[in-house]
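Colleague: no FASTA, just this:
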Ligand SMILES: [Zn+2]
Ligand SMILES: [Zn+2]
C-alpha cells in the first residue's frame, strides 16, 4: 500500500490518485494562521570591534531549543530554526547569510544527485565569470529590465574608480550567449549543453528571508541550445521532472509541475515551466525551480545561428533552467516542527545519531562494553552506506543530547545502555513522530535502511496530503476569494488572458490589503502588504499532475473564467506566493 | 625500477635519490629561453553588438593546431594553448576568463580528490558570503594591507548608491573569524575545521595570465582553530603534503615543500609553508599552494578564545590553507608541448579517445563490424573505470581527429580499422611520446589501466628530472647570479635575515632589469620588467625534500650567507617567480 502510494507520488504515473479524490472536499484541513508575520531579523552579532565577547548566557542561548511554536508565529519560528539548528548565521551585510556545514552539506547532496543526472543527459559543467560589462548586460532589453533594479555594481578597485562600472551577474545569459554565438556554427555543433554551479547576486529590497530570498544565493544554471524546438521542448520537461525529483525524492517535499502564465514567465523567453511547492502555515506557494524554453529570442539577439546542412542559416532553440538553495528553505518550512528541524533521510548530513546511555551509576567495565557495542553498530551502519555519528560528549546529559539532535532534525536516534547490550538490543527513536522501537542488534543492518526509506515516504505522504487538503477547487470569484481567505491555493477555470490576470491580481490584493492593514502592526511595509495580499497565477498544472493530486482535469466549452466570465481554457492554480 | 623511482618521488621517502645526485652538475640542462614575453592577450571577441558574425575562416581558426612552438615564444604558446585546446575563452572584463568544460572538469577532479582527503581529517565544508563590510575588512591591519589595493568595491545597486560601500572578498579571514569567536567557547568546541570552495576577487594590475593570475579565481580555503600550537603545526604539514599530492599524484607536476621567509610569509600569520613548482621554459618558480600557521594573531584580534577546562581563557591557534585554479595553469605550462596539451591521466576529462578508421573504401558491413568492436571496447574500458569517448564524426578526417585530440591532450588514442578487427587487435598511441603500440583486443582491460599509470609516472619523472636539472647549487653571489642568468632556481646558504633578503632582491633585479630592458620590446611595462628581473626567496625546503632532490641538506657553522657573508643558517631556494 505504501509502495503503491509512493509509486504514484514519485513516479509521476499517468494514473490518477483515485483514492485521493475522496479527500478533495477537505479544503479547510488543519487550522493554520493566515497572517504573515515578518521575521524579526536580528542584526548579525558581529564580533568586529568587541573587546568583550558575548556573555556565556547569550552564547548558551544558541544551544537552547525552539522558543516558539510553528503555528504560533511562523516567521519567528523559522528565524529561530535557522540559527538554533545551526543551518545559518546572520551577517552584517543584509540579505547575506553564512551557510553552516549542516546546511551546506545538504546542498552538496542535492548537487551531487542532480549533477549526476544531468551528466547522464550529456550536460557538461563550465564556469563563466562573476562579472558582466554594462554593454553586455544591456543587450537583451526585455531580459535585463527584470533584473536591472537589483544589479550590484562594482565601481572601484582599491582607491581607484573603474573606467566603466562592472555588474555582478544576476544570471548568466548575457555572459554565456555571445560565446555560444562563437562556438556554434554548424548543426554538428548542436546540441550544446552547459551547466554551472555558482553564486549570483540580486540586490533585492524585499524583506530577505534565509534561503527563500537572499541577495547572494547559490544555484545551478543550465543553458542549452538545440537545432529544433522539439528537442528543446522535450528537454524542458525532462529537467522539470528532475526538479520534481530534487523536491520529492530527495527533500520529501511535494511539488506541482506546470506552465507559468504569460505574465509570470521568464522575460524574453518563449515559455516557462515550474515546480510549485506549498508552505502550509502561511498558505503561500513557492516557485521551487524553473525550466524555461527561450525559443529563438536570445538566438536572434545574440546571433546564435548554425548552418543546417543545406547551407541555410537557422537560429538555435534555447533553454535555461535553474534550481537554487531556496529548496533547502522550502524543505525546512514544510517539515520543521515545534522541536526543530525534521530532515529527509536522503539529504540528512547525519542519518543516525547514536547516544550511549551511561549514567553516573554505570561501572567502567559496563561503559566499555557499551562503547564496544557502539563501535560495532557504527561499523555495521557505515558498511550499509549510512551516515552515522556517535554523540559521546561527557559534559552533556542524555536529555540535552536528545533535544539537541531533535533540534537538528536527525531522522533516527539510537539509544543504547548496559541493559540493552545484555539484551542484545537497542532503542530506536524516529524524529518524525518520536516513536520508540526496540530493535534486536542482529536486525540492525536490515532494519535501519528500511526505516529511513519509511521515514522518507511518510514525510512525503504527509506533506502531499497536506498540500492536497489546501487546494480549493473553485469556479467562481466567490469560491476563489473564500479559498484565499482560508490561506489555500485555488484551482480555477481561467481564460489565460494577461489583462484578466492583472485585474484579478489587483482585485484579490486590494481586498486582502484592506483586511491585513487593519490587523497588522505598523511594522508591515507596503511591500509586505502587497506580498501578503495579492494572489497571482502559480501555474497551469500538467494534466498528469492534476490527476496525481485527484483534481479535475477537463473543461467544457461552456466553462467560464472565474474572474472575467469569458470562456475558460485551462484549470489554473492561483495563490499567494513568496 | 620505475616503481622504485615513483615511490621516492611520491612517497616523500626519507631516502635521498642517490642516483639523481649524479645529475646535479647538469644545471644548464636543455636550452630554454630566458626572456619573458608577455602574452599578446586578445580582447574577447564579444558578439554583443554584432549584426554580422565572425567569418567562417576566423571561426575555423579556433579549430586549428598550435601555430607557435613552446620554446620559440612561450607566452604566445601558452595563450594559444589556452583557447585552442578549449580550456578557456577570453572575456571582455580583463583578467576574467571563461573556464570551459575541458578545464572545469579537471578542477572538479582536483576538488573531488582533495575534498575526500580533508573530510577524512574531519574538515567540514561551509559557505560564507561573497561580500564584506568595510568595517569587517579593516579589523586586521597587517592582513588587510596586503589586499586593500586589490579589493573590488560595490557602491551601487540598480541606480541607488549604497549607504556604505561593500567589498568583494579577496579572502575570507575577516568574514569567518568573528563567527569563530562566537562558536568557540570551550576547549570542547575545538578543533574547529571548516573549508569552502569559492570564487574570490583580487583586482590585480599585474599582467593577467589565465589560471596563473586572474582577477576572479577559484580555490578552496581551509580555516581551522586548535587549542594548541602543536596540533596546528601538525595540520599545517599534513595539508602541505596533500597539496604536494594534488600536484604530484594528480597533475604529475613535481613541487618542493618548504617554509616561506619572513618577508614572503602571509601577512599577519606566524609562518607560511608552500609547495613551489617550476616552469622550465621561462625559468620561473610558481607558488603552487600555501598552508599557513596563523598563530594566535587572528585569535587575539577577533577574540577567539576558549575556557581551557581550568577556567583559564586561552586564545586559539589557527591555520589557513588554500589551493587555487592556478594549479591547472602550472600543469599546462609544465606538460604542454608543441602539439598542444599533454594531460596527466588522473585528471584528463577523457583518458582514452577511440578513433575508428573508416576510409571511403570501407564497405558498410566492415564499418558495422568495426563499430560493433568499438562498442565492445567502450564497455570494457568503462567497466575498468576509464573515461573513454568515441570520435565518430563523419565530416572530419582521421588526420584531423588525431591532431584535434592531441591538441586537447588526451593521454591515449585507440585507432581501429577493419584489418585490426580481423587481427583481433588495435593500435594505441601515447600522447606523451607519440609512440604506437599494437595491442591484442584480449589484453585491452589489463593493458590500458597500466599504460595510463605508466604515462603518469613518466610525466612526473620527466618533469622531476627537468626541475632537478634546473636547480643550481651555489655558495657565492657569483654562483647565484650565474644560476639566475641560466634561468634556473638557485639553492644557496642563507642567513634568513629580512634586510639581507630585501637587498639581495634589489641587487638581483637591478642587474637583470638593465639586461632585459635593452632586449625587450616597448611592450614590457615596468611591472613586467620587475617581474622578469628580481629574484626572491621561494622557500626554505624541508630537509626531506632536499634529500628527495639529491641536494645538500646540512650546513657547517663556517658556511656563510651567499649575499651578506654573515653566518648562514638555511639552505634556501631563490629564483624568479610568477
Ligand atoms: Zn479571465
Ligand atoms: Zn645574508
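Modeller: Yep, that arrived. Predicted model, so just to flag it, every value in this text is computed and none were measured. Ligands and ions are numbered 1, 2, ... in the order given.

Colleague: what's the spacing between the most centrally placed residue in chain A and chain B?
Modeller: The residue lying closest to the centre of chain A (Cα atoms, centre = their mean) is residue A:327, at 2.0 Å. From residue A:327 across to chain B, the span is 15 Å (Cβ to the nearest Cβ, to the nearest Å). Bear in mind the C-beta positions are built from the backbone N, C-alpha and C, glycine included.

Colleague: in contact with residue A:562, which residues are there?
Modeller: Contacts for residue A:562 (Cβ atoms under 8 Å, 6 or more residues apart in numbering or on different chains) come out as A:474-477, A:479-480, A:492-494, A:568.

Colleague: picking that back up, quick check, the residue nearest to the centre of chain A in a helix?
Modeller: Yes. Read with DSSP: H, G, I helix; E, B strand; the rest coil, residue A:327 is one of the residues of a helix.

Colleague: which ones are touching it?
Modeller: A:110, A:211, A:246-247, A:251, A:253, A:288-289.

Colleague: check what pLDDT residue A:569 gets.
Modeller: Note on residue A:569: pLDDT of 96.

Colleague: contact partners for the closest residue to it other than its chain neighbours?
Modeller: Spatial nearest neighbour of residue A:569, excluding adjacent residues (Cβ to Cβ, 6 or more residues apart in numbering or on different chains): residue A:496 at 5.3 Å. Going by Cβ under 8 Å, 6+ apart, residue A:496 touches A:261-262, A:540, A:569-570, A:572.

Colleague: among these, name the ones in strands.
Modeller: Judged by DSSP state E, the contacts of residue A:496 include A:540, A:570, A:572 as members of strands.

Colleague: from residue B:373, how far off is the residue nearest to residue A:569?
Modeller: Separation of residue A:496 from residue B:373 (Cβ to Cβ, to the nearest Å): 55 Å.

Colleague: likewise residue A:146?
Modeller: For residue A:146, the distance to residue B:373 equals 53 Å [Cβ to Cβ].

Colleague: comparing these two, which residue is more hemmed in?
Modeller: residue B:373 (19 against 13; other Cβ atoms under 10 Å in any protein chain shown).

Colleague: pLDDT of the helix or strand that that one is a member of, averaged?
Modeller: Assigned by DSSP states H and E, residue B:373 falls within helix B:364-383. Here helix B:364-383 scores 95 as its mean pLDDT.

Colleague: any idea which of the contacts of residue A:327 is closest to residue B:558?
Modeller: Set against residue B:558, the nearest of the contacts of residue A:327 by Cβ to Cβ is residue A:110 (64.0 Å).

Colleague: how deep is the closest one tucked in, by neighbour count?
Modeller: 21.

Colleague: next: residue A:208.
Modeller: 16.

Colleague: now residue A:205
Modeller: 15.

Colleague: that one: what secondary structure?
Modeller: With three-state DSSP as the basis, residue A:205 sits in coil.

Colleague: distance check, it against residue B:132.
Modeller: 21 Å.

Colleague: likewise residue A:257?
Modeller: 40 Å.

Colleague: disregarding residues adjacent in the polypeptide, which is nearest to the closest residue to ligand 2 within chain A?
Modeller: As assessed by Cβ to the ion, ligand 2 sits closest to residue A:158 within chain A, at 33.6 Å. Once flanking residues are discounted, residue A:158 sits nearest to residue B:149: 3.9 Å by Cβ to Cβ, 6+ apart.

Colleague: and that neighbour, what pLDDT?
Modeller: At residue B:149, pLDDT is 85.

Colleague: next, count neighbours for it.
Modeller: By other Cβ under 10 Å, the residues close to residue B:149 number 14.

Colleague: give the contact list for it.
Modeller: A:157-159.

Colleague: mind running it again at 10 Å?
Modeller: Taking Cβ atoms under 10 Å, 6 or more residues apart in numbering or on different chains as the criterion, residue B:149 is in contact with A:157-160, B:202-205.

Colleague: of those, which is the most crowded?
Modeller: Busiest of the contacts of residue B:149 [other Cβ under 10 Å] is residue B:203, holding 23 neighbours.

Colleague: I'd like the distance between that residue and residue A:170.
Modeller: 21 Å.

Colleague: these two touch, right, residue A:545 and residue A:248?
Modeller: No. With contacts counted by Cβ atoms under 10 Å, residue A:545 stays clear of residue A:248, the gap being 11.6 Å.

Colleague: endpoints of stretch A:262-271, how far apart?
Modeller: Stretch A:262-271 has an end-to-end distance of 7 Å (criterion: Cα to Cα, to the nearest Å).

Colleague: next, count neighbours for the spatially closest residue to residue A:495 that is not a sequence neighbour.
Modeller: Nearest residue to residue A:495, sequence neighbours excluded (Cβ to Cβ, 6+ apart): residue A:561, at 3.8 Å. Applying other Cβ under 10 Å, we find 22 residues neighbouring residue A:561.

Colleague: check contacts around the residue nearest to residue A:171 when sequence neighbours are not counted.
Modeller: Using Cβ to Cβ, 6+ apart and skipping the chain neighbours, the partner closest in space to residue A:171 is residue A:200 (6.1 Å). Contacts were defined as Cβ under 10 Å, 6+ apart; by that measure residue A:200 touches A:130, A:147, A:168-172, A:215-219, A:221, A:322, A:324, B:130.

Colleague: repeat that for residue A:305.
Modeller: Contacts of residue A:305 by Cβ under 10 Å, 6+ apart are A:181, A:184-185, A:296, A:299, A:312-316, B:53.

Colleague: got a quick ChimeraX command for the buried subset of these?
Modeller: Per 16 or more other Cβ atoms under 10 Å in any protein chain shown, the buried members of these correspond to this ChimeraX selection:
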select /A:181,184,185,296,299,314,315,316 /B:53
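
Colleague: give me the buried positions along the top helix by length along chain A.
Modeller: Taking DSSP state H as the criterion, chain A has its longest helix at helix A:444-469. Across helix A:444-469, burial judged by 16+ other Cβ under 10 Å covers A:444, A:448-449, A:451-452, A:455-457, A:459-469.

Colleague: looking at it now, give me its mean pLDDT.
Modeller: pLDDT averaged over helix A:444-469 gives 97.

Colleague: show me where pLDDT drops low in chain A?
Modeller: Scanning chain A for pLDDT under 70 picks out the ranges A:1-63, A:140-144, A:511-532.
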